[in-house]
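K.L.:
how does the following fold in three dimensions:
(one chain, ligands or ions: 1)
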Amino acid sequence: FGRRMQYQECVPSTQLLAHEWAKEGAEEGSLVITEEQTDGKGRMNRIWHSPPHSGIWMSLVLRPPIPVTEAPQLTLMASVAVTRTLRRETGLDVTIKWPNDLLVGGKKICGILTELRGEQDRVQYVVLGIGINVNVTPDFLPKELESIATSLAIEGGRTFQRPLLIAAILKELEEVYEGYLDHGFEPIRILWEEAAGMLGRIITAQTPEGPRRGEAVGLASSGALLLKTEEGTLPVYSSDIQI
Ligand code: BTN
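P.N.:
Numbers count the residues shown, from 1 in each chain. Purely as a prediction, here's the structure:
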């Protein structure tokens, strides 16, 4: 991954550039990376705050030969790869909040955004966006994020070399992704359950049918979070969850 790369000092969003590149035929593993985003995108139309020279803001083009219904597995695959790398490289206790937030000490340090284009029911390409607050300092975090977001530097008490982290993440992602293509989702599911810090916790999930409260007990092969409630064990597909 990253053998083909577009680097620019400042862009609105690496997601948009990666989509354009993918439509023009960018090959698998093509990487768009920047120092600063002026219109960084989070899930559910949220803004992703991306101050200059302090984070990893990047988007990868993937072309997995899978049906559209299996694409949510890629978010979980990426969460596992990034968590494993950050733990190894920083020594921090990084955990995963389903589906795609990486936390340290209960606060967010990384978000993952998967956007796909399908043709009929097959994936044509996926843009996998990864945002990591590496050396972001508290004065660069907006006030409203203070209690929910943090950075590797704030938690680790030192700065980290972004190029080393980027290289390590791309290598791990490529390995985990190849494992996923060769052996399917089951090995990822097991790694995810190991890496997630939320199994056994009581959580509330906002589902289309309203809030559901229960214990997070595992991950289904579809990538859904399994929630044990009074009405039985329910798969949660897409929602905002509170721990
Ligand atoms: C989330 O947690 O809501 C997902 C955040 C994803 C942010 C990354 S930063 C690189 C890429 N470009 C964007 O505009 N967003 C993603």
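K.L.:
tell me, how many residues neighbour Glu174?
P.N.:
Look at Glu174: counted by other CB atoms under 10 Å, it has 17 neighbours. Just so you know, the C-beta spots here come from the backbone N, C-alpha and C atoms, and that holds for glycine as well.
K.L.:
and it, how close does it get to the ligand?
P.N.:
18 Å (CB to the nearest ligand atom, to the nearest Å).
K.L.:
looks to me like that residue is in a strand.
P.N.:
No. With DSSP: H, G, I helix; E, B strand; the rest coil as the criterion, Glu174 is assigned helix and is not in a strand.
K.L.:
residues contacting it?
P.N.:
Phe1, Gly29 (CB atoms under 8 Å, 6 or more residues apart in numbering).
K.L.:
and the one 10 residues further on, by the same measure?
P.N.:
For Gly184, no contacting residues are found, by CB under 8 Å, 6+ apart.
K.L.:
over to the one 5 residues further on?
P.N.:
Contact partners of Arg189, counting by CB under 8 Å, 6+ apart, are Leu76, Leu219, Ser221.
K.L.:
go again using 6 Å as the cut-off
P.N.:
Leu219 (CB atoms under 6 Å, 6 or more residues apart in numbering).
K.L.:
that one sits in which helix or strand?
P.N.:
Assigned by DSSP states H and E, Arg189 falls within helix 186-195.
K.L.:
for the residue lying closest to Gly214 once chain neighbours are set aside, name its beta-bridge partners.
P.N.:
Taking CB to CB, 6 or more residues apart in numbering, and ignoring the residues beside it in sequence, Gly214 has Thr229 as its nearest neighbour in space, at 3.6 Å. In this entry, Thr229 is beta-bridged to Gly232, by DSSP bridges.
K.L.:
just checking, Thr229 touches Val217?
P.N.:
No. Contact between Thr229 and Val217 fails when scored by CB atoms under 6 Å: they sit 10.1 Å apart.
K.L.:
can you pull the pLDDT of the residue nearest to Gly214?
P.N.:
pLDDT, Thr229: 93.
K.L.:
relative to the ligand, how far out is it?
P.N.:
26 Å.
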